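In: Below is the sequence, then the predicted model.
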Amino acid sequence: MQQGLKNNQKQFLLLVLINAFVGSMVGLERSVLSGFGEKIFSINGKTALLSFIIAFGTSKALANLLMGKLTQYITRKQVLLIGWIVALPVPFLLMYANSWNWVIVANIFLGINQGLAWSSTVIMKIDLVGERNRGLAMGINEFAGYVAVGVAAYLSAGIAAAKGFAFYPFVPGILFSVAGFLITLFFIKDTAAFVHQEAKESRLPLFKNIWKASSYQHRNMGSVTISGLVNNLNDGIVWGLLPILLLQKNYSLQQVGLVAGIYPIVWGIGQLFTGRLGDFYCKKQLITSGMMIQGVALFIITIASSLWINVTAMILLGLGTALVYPNFLTVIAENTHPSQRAQSMSIFRFWRDSGYVIGAVLSGIIADQFGINAAFISVALLTAGAGLLAEIRMCCTTKLIWKSQVC
């Protein structure tokens with residue numbers, strides 16, 4: 001049993017497919033849930049509308065943290081199965097929702113699914129491929145997940161335009177959740193043996209306090225954790241408020257679906273290349289430039305006057321996010337002993353997905369008090385600030401670097 005992408009190609013590709021289904025589950029909501037709340041349940045306040053993102057982000061963040069604990073007692077495959085079991089009720093709760101509370105409950109379940117299932121596929125791929133192709137593996141993983149998010153967002157918007165917001169946009173979720181569960185149950189193999197083997201050969205030290213090291217103490221992992229939180233903070237405002245902003249500008253539902261869907265598609269496809277870049281070049285510059293590009297894109301949204309300017313802003317946002325996302329994960333992985341990797345990754349993902357909650361609350365309050373444009377500008381400044389902090393604090397661990405301090 002050897003690590004490596006080629007040696008474990010079949011299992012790796014199955015995990016890629018699994019992650020596409022995980023992404024599809026959240027993509028169903030991406031372009032329609034804000035309109036669903038306004039049109040079906042007459043939810044008017046931006047903060048109230050964003051309550052579904054708060055529910056999702058809180059449960060996902062806690063599920064990420066739980067995943068690290070669970071892997072100390074049960075296998076990674078078992079964690080993945082639990083994630084899919086929790087996903088099975090989600091489409092039915094949304095299809096038959098008779099109050100906004102049903103939507104909140106559905107998003108709690110969805111957050112648990114995303115936290116357990118996505119985290120499991122990330123960790124299992126890292127276990128399989130080893131150090132050499134870690135960036136490529138994360139790029140492929142995130143590519144599959146976020147392209148699926150974008151395609152599902154466009155699909156659900158098209159269904160909503162043809163059939164209305166109620167019931168029909170969420171029907172594909174039945175297929176996604178059942179397929180993910182069955183493939184995991186019958187075809188996925190656990191990766192614990194790879195971890196034990198790598199742990200015997202690793203020269204990385206064990207952290208005395210993995211929570212502190214992952215959260216803020218370690219100069220690379222701590223910086224990545226902050227940037228990850230801010231990245232999902234801005235993703236939350238795009239998810240929750242961008243559809244409302246576009247509808248206020250009299251865009252059609254299909255145009256909203258196009259704009260909302262192109263961002264995760266560019267994000268996903270871009271990671272095929274940016275993840276591989278992280279295997280050769282300094283991740284510090286990739287992360288810093290990615291956060292800065294995101295900040296510019298969020299500002300452009302506030303001044304965009306046409307559909308194609310909004311599309312351009314979403315392409316830039318997708319490119320910026322693609323630069324950072326797979327490299328966040330590889331920075332955590334390359335700085336952590338294999339026996340602590342699942343814990344460290346779960347702590348990072350806990351803080352990263354807490355950004356959804358913080359972003360929903362912050363942007364919702366600002367949008368209600370000062371307007372949606374003010375919310376986007378505030379988050380754009382925060383995003384650029386996180387990029388600047390990474391530039392100041394991080395160092396490089398690769399030989400092929402630009403002008404950066406070497407760890």
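Out: Yep, that arrived. Residues are numbered from 1 along each chain as shown.
In: for the stretch 1-150 of the chain, what are the low-confidence residue spans?
Out: Residues of the stretch 1-150 of the chain that meet the criterion pLDDT under 70 lie in 1, 45-49.
In: hmm, try it at 80
Out: Within the stretch 1-150 of the chain, the stretches falling below the threshold (pLDDT under 80) are 1, 30, 44-50, 131-132.
In: where do the strands sit along this structure?
Out: Under the criterion DSSP state E, strands are not mapped anywhere in the chain.
In: Which residue lies nearest the spatial centre of it?
Out: Closest residue to the average C-alpha location of the chain: Asn232 at 7.1 Å, with C-alpha atoms, centre = their mean.
In: Give the full set of residues in contact with that residue.
Out: 57, 352-356, 359 (C-beta atoms under 8 Å, 6 or more residues apart in numbering). In this view, the C-beta of every residue, glycine as well, is placed from N, C-alpha and C.
In: Turn these into JSON lines, columns for neighbour count and distance to Thr274.
Out: Putting those into JSON lines (neighbours: other C-beta atoms under 10 Å; distance: C-beta to C-beta, whole Å) gives the following:
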{"residue": "Gly57", "neighbour count": "30", "distance to Thr274": "24"}
{"residue": "Arg352", "neighbour count": "28", "distance to Thr274": "17"}
{"residue": "Asp353", "neighbour count": "29", "distance to Thr274": "20"}
{"residue": "Ser354", "neighbour count": "22", "distance to Thr274": "24"}
{"residue": "Gly355", "neighbour count": "24", "distance to Thr274": "20"}
{"residue": "Tyr356", "neighbour count": "28", "distance to Thr274": "22"}
{"residue": "Gly359", "neighbour count": "30", "distance to Thr274": "23"}
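In: Could you identify the pair within those that is furthest apart?
Out: Longest distance between any two of those is 11.3 Å, between Arg352 and Gly359; criterion C-beta to C-beta.
In: Below-threshold pLDDT in the stretch 151-300 of the chain: ranges please.
Out: Confidence mapping of the stretch 151-300 of the chain against pLDDT under 80 gives the ranges 239.
In: Going along the chain, name the helices of it.
Out: Secondary structure of the stretch 151-300 of the chain by DSSP state H, counting those that start in this stretch: the helices cover 172-187, 192-201, 210-212, 219-248, 253-277, 283-303.
In: As TSV, those helices with distance to Asn19 would be great.
Out: Output for those, formatted as TSV (distance: least, C-beta to C-beta, whole Å):
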stretch	distance to Asn19
helix 172-187	9
helix 192-201	18
helix 210-212	25
helix 219-248	17
helix 253-277	10
helix 283-303	21
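In: for the nearest residue to Ala304 once chain neighbours are set aside, what are its contacts?
Out: Take Ala304 and drop its neighbours on the chain: the residue closest to it by C-beta to C-beta, 6 or more residues apart in numbering is Asn310, 4.6 Å away. Counting by C-beta under 8 Å, 6+ apart, Asn310 touches 246, 259, 301, 304.
In: Look up how far Lys189 lies from the residue nearest to the centre of the chain.
Out: Distance of Asn232 to Lys189, computed by C-beta to C-beta, to the nearest Å: 31 Å.
In: next one: Ile54
Out: 36 Å.
In: what does Asp368 give?
Out: Counting by C-beta to C-beta, the gap between Asp368 and Lys189 amounts to 49 Å.
In: hang on, Phe376 packs against Thr302?
Out: Yes: proximity of Phe376 to Thr302 meets the contact threshold set by C-beta atoms under 8 Å, at 4.8 Å.
In: Those two: which has the busier surroundings?
Out: Phe376 (27 against 16; other C-beta atoms under 10 Å).
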